[in-house]
Structures are given as structure tokens and as C-alpha cells.
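Visitor: please work out how this folds:
(chains A and B)
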Amino acid sequence: MTGTLLYDNLNTYLFISVFLLCCGILGILYRRTLIGMLVSVELILNGAGLNFVAFNRFISQENAYGMIFTLFIMGIAAVEAAIALAIIILIFRKFRHIEGSEIKEMKG
Amino acid sequence: MVGALMTVLSGSIIYAMVGLVTTMFGIAGLYIYLNAPFLGMMQILIYVGAISILIAFAIMLAGPLYKKPKEWTTGTKFIVSLITALFSFFVLSKIIVRSFWLQATVNPFTVSTKDIGRVLFDKLMLPFELISLLITIGIIGAIMLALFSKGEK
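Guide: Numbers count the residues shown, from 1 in each chain, chains lettered A, B, ... in the order given. Just a heads-up that it's a prediction; the model follows:
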């Protein structure tokens, strides 16, 4: 029954969300296209939501605020994805590519 | 976790999207393990259903990416970002290991959808309305951005 013990542990979930956060950081730094960066931001937000639900499950069990906060995070992530994709489409119309490191219009 | 690595490290961006979907399914499974099946269902609906479709549309609209499918950048940039990610990973995991969380006894703890809705409309009415307002403004803003910039160009 080691599987159930592993899944009843708070640290497991914390490690998973730290892993997601680091994957997101790596993706943001390393991806060249803007869509790749957007996907990485989604990973980071999911790590945060997983943390909220895990703490709600293991630390404060008397209410469900963590889950509701995760719902809010999901809504904000949806809005953020929509707006970022609109901006990406604008940038594509203007520059004909979506590579973040080669947008030099606003470089001082 | 395999999905997350695939998301970050894959060369083509289509594979990155597939990796994102895999990760979202994994996290939905974890939510169900955490006795939050409503959140798992919402995760699948929102992320797998909505956001990945949105990203797929953006990939298709953003033109011929398949001409240069590999986006391996220079090695130094990859190494620097890898060092940053690994450093933050080790620092945060050391914090996790050292910290002592007062772990509650694991009760059979189930929050039903009814409880979530009751709390949402009872105590958290104002944030709920603010989120809906934010979503409306965001959608209108995205439509305005996509529509009215064509004339100015």
C-alpha cells in the first residue's frame, strides 16, 4: 500500500507543483516563440492551483476556500490565454513572425 | 510530469501543446486523488477543452511554423535557463523538506459540488462577481484587439 501512502502525503504534491513551476520557468526562459511562453505560464498557474488544493486537503479541512481559489485561478488563466493570444495574433500581423527575441520595435 | 517535460523540451510547438494536454489530464487525476472531483472535471473542461483548443487555433493562425520545426536555440541560453530552473528547484525542495507542516489527520474529507456552490454564493459573492466581470472585460478586450487593429494598419 505504498501508493496510498505516497498519495496521502502533502510533500508529494508540493514536489509536483515545484516541478511544474520549474518547468514553467525553464520554458519561459528557453522558448523562442511567444506561444511556447504562454504554455509555460499555464504550467506555472497549474502548479499554484495544485498547491492550493493540496493545502486545503491536508492543512485546513474545515472549508473549501482553496478549491474555490483554484477555480478563480482557472478563470483568470482562461482570460489571460485569450488576451495573450489576441496580442500574439496582432504581433504576427505586424511582424510576420512570433519569435519573442526578435521583436525589437520597443527596444530602447 | 512526463507531460510537463515534454511541454518544455519538445522541439515543435504542436508537441508542446500535446504535452500541455497530457499535463492537464495528470493534474485532473491528482485533483481527484485530493478528493476534489469537481475541480478535476473543471480542469479537464477548461484546460483540455478550452485553452488547448485556443492555443491550437493560435498555432494554426500564426502561420507556417513547420518550415523551421526545431526551435533549439543557442546552447548557452539553454544552459543558463536550465541552471536557473534547477537552482530554484533545489532551493524550493530544500525548503519543503525542512519545513514541518502540521499535518491534519486524514479524514474522509469530501467537498461536494453543493458545498462549493454554497460557499461561493454565500461568503464569496463579491470575488465571484468580480471574476465574471473580469472575464467579460477580457473577452471584449480580446475581440477589440483582434478586430479593430486591421483598419489602423
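Visitor: averaged over its residues, what pLDDT does the host helix or strand of A:Ala77 have?
Guide: Following DSSP states H and E, one finds A:Ala77 within helix A:65-95. Here helix A:65-95 scores 82 as its mean pLDDT.
Visitor: list the buried residues in that helix.
Guide: Residues A:66-75, A:77-86, A:88-89, A:91-92 are the ones in helix A:65-95 that count as buried (16 or more other Cβ atoms under 10 Å in any protein chain shown). To be clear about C-beta, it is placed using only N, CA and C from the backbone, and glycine gets the same treatment.
Visitor: what comes up buried for the top helix by length along chain B?
Guide: The longest helix of chain B (DSSP state H) is helix B:125-152. By neighbour count with 16+ other Cβ under 10 Å, helix B:125-152 contains the buried residues B:128, B:131, B:138, B:142, B:145-146.
Visitor: so for these, which is the shakiest by pLDDT?
Guide: For the buried residues of helix B:125-152, the pLDDT minimum is B:Ala146, 74.
Visitor: what about B:Thr113, distance to chain A?
Guide: Applying Cβ to the nearest Cβ, to the nearest Å, the value for B:Thr113 to chain A is 10 Å.
Visitor: just the buried residues of helix A:65-95 that are near chain B?
Guide: Among these, proximity to chain B is found for A:67-68, A:70-72, A:74-75, A:77-83, A:85-86, A:88-89, A:92 (Cβ under 8 Å from any Cβ of the partner chain).
Visitor: who does the helix holding A:Ala77 touch, helix- and strand-wise?
Guide: If contacts are counted by 3 or more Cβ pairs under 8 Å, 6 or more residues apart in numbering or on different chains; DSSP states H and E, helix A:65-95 sits against helix A:34-58, helix B:37-43, helix B:52-61, helix B:113-122, helix B:125-152.
Visitor: in a markdown table, list these along with distance to B:Ala16.
Guide: Converted to a markdown table, the helices and strands packed on helix A:65-95 look like this (distance: least, Cβ to Cβ, whole Å):
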| stretch | distance to B:Ala16 |
| --- | --- |
| helix A:34-58 | 6 |
| helix B:37-43 | 19 |
| helix B:52-61 | 9 |
| helix B:113-122 | 32 |
| helix B:125-152 | 22 |
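Visitor: looking at the ones you listed, which is nearest to B:Ile83?
Guide: Proximity to B:Ile83, assessed across these by Cβ to Cβ, is greatest for helix A:34-58 (16.8 Å).
Visitor: run the chain-centre distance for the closest one.
Guide: Computed by Cα atoms, centre = their mean, to the nearest Å, the chain-centroid distance of helix A:34-58 equals 4 Å.
Visitor: before we move on, what about stretch B:50-66?
Guide: 16 Å.
Visitor: over to stretch B:47-58?
Guide: Counting by Cα atoms, centre = their mean, stretch B:47-58 comes out at 11 Å from the chain centroid.
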